[in-house]
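A.B. asks: show me how the following folds:
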Amino acid sequence: MANISINHVPLTVLDVDEALAFYRDALGFTVISDVANGGFRWVSLAGSDGTGTSLVLSTPGAGRSDADAQTLAELVAKGTIGPLVLSTTDLDQVFETVSASGAEVLQEPMDQPWGPRDCAFRDPSGNMVRINQSA
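C.D. replies: Numbers count the residues shown, from 1 in each chain. Got it, this is the predicted structure:
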């Protein structure tokens, strides 16, 4: 069987520029492309080293009907999509940096009964972002 890997993970946000302030500035992701087409933008971000699977930010209307865009925007704003789960080698440092950015803290770092030590935030659009301590 052929090797298959994950290349892009789409993430719908309500405002791409606000999302960039969170994912690029607070979390340290690297912008690898910023593509505009038909009044919409798709911004691809990679981990701080600029490699690996990319996270692609776009608004609800990007490539969708008006009705679908409105429904998706409502779901994003409620925080019902996700969570996006990330990992880091220094959870406490990332928590302090993201907290200082003004992001909404959902959970401070703690050991979970299912295994990882993690924390949780909401991005500016309402998406839940969990960050695990990696080994």
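
A.B. asks: all the strands of the chain, residue numbers only.
C.D. replies: 8-12, 30-37, 40-46, 54-58, 84-88, 104-111, 117-122, 128-133 (DSSP state E).

A.B. asks: parallel or antiparallel, list what pairs with the fourth one.
C.D. replies: Under the criterion DSSP bridges, strand 54-58 sits next to strand 8-12 (parallel), strand 40-46 (antiparallel) in its sheet.

A.B. asks: which of these is buried the deepest?
C.D. replies: strand 40-46 (a mean of 19; mean count of other Cβ atoms under 10 Å). C-beta here means a position set from N, CA and C on the backbone, and glycine is covered the same way.

A.B. asks: just give me how far stretch 30-49 sits from the chain centre.
C.D. replies: Relative to its chain's centre, stretch 30-49 lies at 13 Å (Cα atoms, centre = their mean, to the nearest Å).

A.B. asks: oh, that last question was meant for stretch 74-81, not what I typed.
C.D. replies: Taking mean C-alpha positions (Cα atoms, centre = their mean), stretch 74-81 and its chain are 13 Å apart.

A.B. asks: got the CA positions of that stretch in CSV?
C.D. replies: Extracted C-alpha coordinates of stretch 74-81, given in CSV (Å, rounded to 0.1, in the frame of the first residue of the first chain):
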residue,chain,number,x,y,z
GLU,A,74,-22.5,30.3,13.6
LEU,A,75,-21.0,27.0,14.5
VAL,A,76,-17.5,28.4,14.6
ALA,A,77,-18.6,31.3,16.9
LYS,A,78,-20.2,28.8,19.3
GLY,A,79,-17.0,26.9,19.5
THR,A,80,-18.7,23.7,18.4
ILE,A,81,-16.1,22.7,15.8
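
A.B. asks: returning to what we had before: make JSON lines out of the strands of the chain and add mean pLDDT and distance to Ala73.
C.D. replies: Output for the strands of the chain, formatted as JSON lines (pLDDT from 0 to 100; distance: least, Cβ to Cβ, whole Å):
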{"stretch": "strand 8-12", "mean pLDDT": "94", "distance to Ala73": "8"}
{"stretch": "strand 30-37", "mean pLDDT": "94", "distance to Ala73": "19"}
{"stretch": "strand 40-46", "mean pLDDT": "95", "distance to Ala73": "13"}
{"stretch": "strand 54-58", "mean pLDDT": "95", "distance to Ala73": "12"}
{"stretch": "strand 84-88", "mean pLDDT": "94", "distance to Ala73": "17"}
{"stretch": "strand 104-111", "mean pLDDT": "96", "distance to Ala73": "18"}
{"stretch": "strand 117-122", "mean pLDDT": "96", "distance to Ala73": "15"}
{"stretch": "strand 128-133", "mean pLDDT": "96", "distance to Ala73": "16"}
